[in-house]
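*Asks:* My questions concern the predicted model and sequence given below.
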Amino acid sequence: MKAKTINLPLTKDDVLKLNVGDMVLINGHLITGRDKLHKFFVNEKPSKKQIPFNLEGTILYHCGPIIKKRPKGFETIAGGPTTSMRVEMYEQLIISEYGFRGIMGKGGMGRQTLNALKENGCVYLHTIGGAAVYLADRVKRVVDVWKLEEFGMAEAMWMFDVEDFPAIVTMDAHGRSLHEEIEKSSYTVLKRLIG
């Protein structure tokens, strides 16, 4: 199966053309965000004017990167995904309020996020766990960072300029979740085996 190239920022129409199982290569500016950032967005509700990046149409990547400060700026050393489910309780509000068109991490998310994807025209993308250095090579440039001193390197919001960043759509804007489908089929097989 040939991967689809997607260029950020995405529109709702772009997202509606993506389906569970689509392999994608991402180009453009994506944003990182982990637990502290999610809590900050929900508890403090910063306005779009307070955030130094335009979040509309981009992807929120659940990633705590390892970054090195170089004379010419920052360099991504490792940039693998973190487990997405641990921010499930925040994601619906963040998708609804800030205009993201993609959420990316590993392991999938729950029903609340799936509903928000459908309501807002957004997808969940699963990228390669255990390939942090390979994925860092897909980061062509660290564009900027926000909340570095306050949150620390792993929890700050980074803007990466990526090229051919690989992922697979595992939850789409049409209400499908590959994670739920695999769980149900696995349960059916398990029942048959022990039944």
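*Replies:* Noted; the coordinates are in hand. Numbering: from 1, shown residues only.
*Asks:* so how far is the lowest-mean-pLDDT helix or strand in the chain from its chain's centroid?
*Replies:* The helix or strand of the chain with the poorest confidence is helix 178-194; it has a mean of 79 (mean pLDDT, DSSP states H and E). Mean-position distance between helix 178-194 and its chain equals 26 Å (Cα atoms, centre = their mean, to the nearest Å).
*Asks:* where does this protein have low pLDDT?
*Replies:* 187 (pLDDT under 70).
*Asks:* can you map out the helices along the chain?
*Replies:* Here the chain has its helices, by DSSP state H, at 12-16, 35-44, 88-98, 111-120, 132-137, 148-151, 178-194.
*Asks:* Among those, which comes closest to residue 55?
*Replies:* Across the helices of the chain, residue 55 has its closest neighbour in helix 88-98 (4.7 Å, Cβ to Cβ). Heads up, the C-betas are built off the backbone N, CA and C, glycines and all.
*Asks:* neighbours of the closest residue in space to residue 179 that isn't next to it in sequence, just the number please.
*Replies:* Leaving aside its sequence neighbours, residue 179 sits nearest to residue 108 (Cβ to Cβ, 6 or more residues apart in numbering; 3.4 Å). When neighbours are defined as other Cβ atoms under 10 Å, residue 108 has 21 of them.
*Asks:* Phi, psi for residue 108 please.
*Replies:* The phi/psi pair for residue 108 (degrees, to the nearest 10) reads phi 80, psi 180.
*Asks:* Please verify my assumption that it contacts residue 171.
*Replies:* Yes - counting by Cβ atoms under 8 Å, residue 108 touches residue 171, with 6.4 Å between them.
*Asks:* Now the common contact residues for those two.
*Replies:* 124, 177, 178, 179 (Cβ atoms under 8 Å, 6 or more residues apart in numbering).
*Asks:* OK, contacts around the third one?
*Replies:* If you count contacts by Cβ under 8 Å, 6+ apart, residue 178 has them with 20, 21, 108, 170, 171.
*Asks:* The fourth one against residue 125, yeah?
*Replies:* Which is residue 170. Yes - applying Cβ under 8 Å, one finds residue 170 in contact with residue 125, separated by 7.2 Å.
*Asks:* one step back: for the shared contacts of residue 108 and residue 171, which one is nearest residue 27?
*Replies:* residue 124 (18.8 Å).
*Asks:* Okay, and the beta partners of that closest one?
*Replies:* On the basis of DSSP bridges, residue 124 is bridged to residue 103, residue 171.
*Asks:* Would you mind writing the CA trace of stretch 154-171 as PDB?
*Replies:* C-alpha atoms of stretch 154-171 as PDB (Å, rounded to 0.1, in the frame of the first residue of the first chain):
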ATOM      1  CA  ALA A 154      10.300  16.900  27.500                       C
ATOM      2  CA  GLU A 155       7.200  18.800  28.500                       C
ATOM      3  CA  ALA A 156       7.700  22.100  26.500                       C
ATOM      4  CA  MET A 157       5.800  22.800  23.300                       C
ATOM      5  CA  TRP A 158       8.100  22.400  20.400                       C
ATOM      6  CA  MET A 159       7.400  23.200  16.800                       C
ATOM      7  CA  PHE A 160       9.100  20.900  14.400                       C
ATOM      8  CA  ASP A 161       9.400  21.200  10.600                       C
ATOM      9  CA  VAL A 162       9.100  17.600   9.500                       C
ATOM     10  CA  GLU A 163       9.600  15.900   6.100                       C
ATOM     11  CA  ASP A 164       8.200  12.500   5.200                       C
ATOM     12  CA  PHE A 165       7.300  11.800   8.900                       C
ATOM     13  CA  PRO A 166       5.700   8.300   8.900                       C
ATOM     14  CA  ALA A 167       2.400   7.400  10.600                       C
ATOM     15  CA  ILE A 168      -0.800   5.400  10.100                       C
ATOM     16  CA  VAL A 169      -4.300   6.600  10.600                       C
ATOM     17  CA  THR A 170      -5.800   4.400  13.400                       C
ATOM     18  CA  MET A 171      -8.800   6.600  14.400                       C
END
